[in-house]
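Colleague: Need coordinates for the following:
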Amino acid sequence: MAAETGEANTISDLAADAELADRHVSRQIRLAYLAPAVIERMIVEQEIPAVRIIDLIDAVSLPWAEQEAAVFETG
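Modeller: Numbers count the residues shown, from 1 in each chain. Below is the predicted model:
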């Protein structure tokens, strides 16, 4: 895969290689910018919030200090 070899230069390259839509890949990449505290709670502590993936993607636009509350204190 182009992502694994470093041959993908654009989101379009990644999307084509994975046979996905550019928009889908672009949204998924944003998840890399979730605050470390959010990742820690979800991965290490296995605390899964009752939010949709799109809600996590929206939380990325917030400062790290605000993401944890946005993700885990919904309702």
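Colleague: Over to the residue nearest in space to the middle of the chain. Which of the three states is it?
Modeller: In the chain, the centroid-proximal residue (C-alpha atoms, centre = their mean) is residue 31; its distance is 1.4 Å. Residue 31 carries the three-state label helix when classified by DSSP: H, G, I helix; E, B strand; the rest coil.
Colleague: distance between stretch 51-69 and the chain's centre?
Modeller: Mean-position distance between stretch 51-69 and its chain equals 9 Å (C-alpha atoms, centre = their mean, to the nearest Å).
Colleague: actually stretch 22-35, not the one I wrote
Modeller: The mean C-alpha position of stretch 22-35 is separated from the chain mean by 4 Å, C-alpha atoms, centre = their mean.
Colleague: Show which residues not belonging to it make contact with it.
Modeller: With contacts defined as C-beta atoms under 8 Å, 6 or more residues apart in numbering, stretch 22-35 is touched by 11-12, 14-15, 18, 53-54, 56-57, 59-60, 64-65, 67-68, 71. In short, each C-beta sits where N, CA and C put it, glycine included.
Colleague: Residue 44: which of the residues you listed is nearest?
Modeller: Using C-beta to C-beta, residue 68 comes nearest to residue 44 of the contacts of stretch 22-35, at 13.6 Å.
Colleague: What distance do you get for that closest one to residue 17?
Modeller: Distance, residue 68 to residue 17, by C-beta to C-beta, to the nearest Å: 33 Å.
Colleague: Please apply the same query to residue 66.
Modeller: From residue 66 to residue 17 the distance is 34 Å (C-beta to C-beta).
Colleague: of those two, who's got more company?
Modeller: Neighbour totals were compared for residue 66 and residue 17, and residue 17 leads with 16 against 12 (other C-beta atoms under 10 Å).
Colleague: Now that residue 42 has come up, it's in contact with residue 59, right?
Modeller: No - the criterion here is C-beta atoms under 8 Å, and residue 42 misses it with residue 59 at 11.5 Å.
Colleague: Tell me which of the two has more neighbours.
Modeller: Using other C-beta under 10 Å, the more surrounded residue of residue 42 and residue 59 is residue 59, with 25 against 16.
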